[in-house]
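S.K.: here you go, sequence then predicted model.
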Amino acid sequence: MTTFTTTRRVEFGDTDMAGIMHFSNFFRFMEVAETDFLNARGLSVSWLEGGVKWGFPRVSASCDYAKPAKFADVLTIAVALEKLGKKSVAYRFDFTNQRGEPIAVGRMTAVFCRAAGPDQIESLEIPPDVRAKMEA
């Protein structure tokens, strides 16, 4: 399936006292990479249309770590669609540093939904136009 890459520098605030990026920040980086991926295709994680809120809330996320990312490292994050289901999309995120060394592999699954009310979220089939943009 489609692969997209984006880069992000590890800022001082992303690290602990040893200068190593905190594990939780990989999830923030995955979210940024997902947003970059969607924006590059004219899509968004969340939007209003016709007075209805639409979006892709996450239902699953994980990350396996191979090496530490350190302060000032520039990480390349390759985003791949592992599976585009009827209602969900599963992403894979491959992190490498500026030396091309594998750092981590993350995965995230999101479901296409609309907010039917303040406390009601309804999952729906991904519309053909959105699906086509994701597969582009």
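M.R.: Cool, got the structure. A quick note: this is a predicted structure, and the numbers were derived from the prediction, not measured.

S.K.: what comes into contact with stretch 98-111?
M.R.: With contact meaning C-beta atoms under 8 Å, 6 or more residues apart in numbering, stretch 98-111 is reached by 26-27, 30, 34, 45, 56-69, 73-76, 82, 87-97, 123. Backbone N, C-alpha and C define where each C-beta goes, glycine included.

S.K.: from Phe71, how far off is Tyr91?
M.R.: 26 Å (C-beta to C-beta, to the nearest Å).

S.K.: related to what we said a few turns ago, quick one: buried ones out of the contacts of stretch 98-111?
M.R.: Among the contacts of stretch 98-111, those buried by neighbour count (16 or more other C-beta atoms under 10 Å) are 26-27, 30, 34, 45, 56, 61, 63, 68-69, 73, 75-76, 88-97.

S.K.: give me the subset of the residues you listed lying in strands.
M.R.: Using DSSP state E, the members of the buried ones among the contacts of stretch 98-111 that fall in strands are 61, 63, 75-76, 88-96.

S.K.: now the helices for this protein?
M.R.: Listed in chain order, the helices of the chain (DSSP state H) span 25-39, 128-135.

S.K.: winner for burial among the ones you listed?
M.R.: Ranked by mean neighbour count, the helices of the chain are led by helix 25-39 with a mean of 19 (mean count of other C-beta atoms under 10 Å).

S.K.: that one packs against which elements?
M.R.: Based on contacts counted as 3 or more C-beta pairs under 8 Å, 6 or more residues apart in numbering; DSSP states H and E, the elements that helix 25-39 packs against are strand 3-9, strand 58-65, strand 74-84, strand 88-96, strand 102-111.
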